[in-house]
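Peer 1: return atomic coordinates for the entry below.
(one chain, ligands or ions: 1)
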Amino acid sequence: MHKRQVFKAIALVVIALTATQSIADGATFKIGLILPMTGQQASTGRQIEAAAKLYMAQNGDTVAGKKIQLIIKDDTTIPDVTKRLAQELVVNDKVDVLAGFGITPSALATAPIATQSKTPMVVMAAATSSITQASPYIVRTSFTLAQAAVAMGDWAPKNGLKKVVTLVSDYGPGIDAEKYFIERLQLNGGQVAESLRVPMRNPDFAPFLQKVRDLKPDALFVFVPSGAGAAVMKQFLERGMDKAGIKLIGTGDVTDDDQLNDMGDGALGVVTSHHYSAAHPSAANKKFVEAFQKANKGMRPNFMAVGGYDGMRVIYEALKASKGQGGGDALLAAMKGQIFESPRGPMFIDSQTRDVVHNIYLRKVQRQDGQLHNVEFDVIKDVKDPGKTK
Ligand code: DHB
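Peer 2: Numbers count the residues shown, from 1 in each chain. This is a model prediction of the structure:
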């Protein structure tokens, strides 16, 4: 074996051994929350950290006789760093659960560590379908792009948007969004004029948008990760694409509640499909939004926050159900099949796929109480991840 392989083998053995020890480890229950607190996806980290802390403030920090310790680490939006931090959290801190994961490459890089150490890994943000298949210890509380994109692929052509250009971030979730949107669009008699992919890191949308303008489609379907939507909206409007009759549509990542209210009136009327809106009209959501804003200087929770909040719920309830006994496997078993009312609406964790099943809503940007909101006008109930049924 090469030196590198030997090191890798030793590291895996160490991870496996320490995981077994951690079962017997005292009265603390440790959650290693790895998030992008800096770098391109910092808004995701900020939202999830706030949500996890809110959940703990509302539900206490003692569960099944164990004191919950949240250990937050900043992976700076770099997957190699996520992986190293996960390894340290498992080996040195002996965490009971790994959680967070702001982008798909970070979740995929960490999956082997969850498997080797038998540590449940709760994915609160990343949304490529294949993630849950990367380790049997992964449970997802975010969403999948396939879930959201299918709904838009049904809605657009039925509402006069037949000729569409797609523009996605060139990595896992963007490729899923493109694939599932186009499949449904074509099934419903629509056509794709062109499929454009922009780099995930530091994208410049200008040359792509110019091309879209020349193609004159009925609509432009967009997926960009959380935090990049405002830049797309700004350049779309600056180029007068709305005035040229091109409708902006997409998954709800583009009208992210973290940024929407600052996008200006140009965002009015944009239709997207997603699993969460801060304007979701349920009592549970109103309570969540109010508490979140109160605890965070008025910051509006977005879909990342709700993934973090629900992820904490799944962890707390799994700890309660397994009474703090049995380690990673018992926790994982108690995460599977959880069913509850989330601020997003009804939600459950499919025991077979360990993925989230929830409603997908069609929403239109409107002014409500003086602020821009994604106002829901239709719902597709109990949507499983289409990325797993074939
Ligand atoms: C992913 C990241 C996002 O910010 C988002 O909105 C959707 C998906 C991801 O990397 O999986």
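Peer 1: and the gap between the residue nearest to S282 when sequence neighbours are not counted and F288?
Peer 2: The shortest distance from S282 to any non-neighbouring residue, by CB to CB, 6 or more residues apart in numbering, is to G345 (6.7 Å). Any C-beta I mention is one placed from the backbone N, CA and C, and that applies to glycine too. Taking CB to CB, to the nearest Å as the measure, G345 falls 12 Å from F288.
Peer 1: look at these two and report which has more neighbours.
Peer 2: F288 (24 against 21; other CB atoms under 10 Å).
Peer 1: quick check: closest non-adjacent residue to the residue in the stretch 251-390 of the chain positioned nearest to the ligand.
Peer 2: Of all residues in the stretch 251-390 of the chain, the one sitting closest to the ligand is D253 (3.9 Å; CB to the nearest ligand atom). In this structure, D253 finds its nearest non-sequential neighbour in S226, 5.6 Å apart by CB to CB, 6+ apart.
Peer 1: burial measure for the one you found, as a count.
Peer 2: When neighbours are counted by other CB under 10 Å, S226 registers 23.
Peer 1: surely it meets N302?
Peer 2: Yes: with contact defined as CB atoms under 8 Å, S226 reaches N302; the gap is 6.7 Å.
Peer 1: relative to the ligand, how far out is the residue most central in space within the chain?
Peer 2: For the chain, the residue nearest the mean C-alpha position is A125 (2.8 Å; CA atoms, centre = their mean). Distance of A125 to the ligand, computed by CB to the nearest ligand atom, to the nearest Å: 6 Å.
Peer 1: are we agreed that that residue is in a strand?
Peer 2: No: A125: not assigned to a strand; according to DSSP: H, G, I helix; E, B strand; the rest coil it is coil.
Peer 1: ok, the residue nearest to it when sequence neighbours are not counted - contacts?
Peer 2: Once flanking residues are discounted, A125 sits nearest to G102: 4.8 Å by CB to CB, 6+ apart. The contact partners of G102, by CB atoms under 8 Å, 6 or more residues apart in numbering, come to 35-36, 41, 44-45, 48, 75, 77, 125-126, 304.
Peer 1: just put those residues in TSV and tack on pLDDT and secondary structure.
Peer 2: Converted to TSV, these look like this (pLDDT from 0 to 100; DSSP: H, G, I helix; E, B strand; the rest coil):
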residue	pLDDT	secondary structure
L35	98	strand
P36	98	coil
Q41	96	coil
T44	98	helix
G45	98	helix
I48	98	helix
D75	98	coil
T77	96	coil
A125	98	coil
A126	98	coil
M304	98	helix
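Peer 1: farthest pair within the residues you listed?
Peer 2: D75 and M304 (14.6 Å; CB to CB).
Peer 1: which residues do S226 and N302 both contact?
Peer 2: By CB under 8 Å, 6+ apart, the residues touching both S226 and N302 are 43, 256, 258.
Peer 1: put the buried members of the residues you listed into a PyMOL selection.
Peer 2: To isolate the buried members of the shared contacts of S226 and N302 in PyMOL, using 16 or more other CB atoms under 10 Å:
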select buried, resi 43+256+258
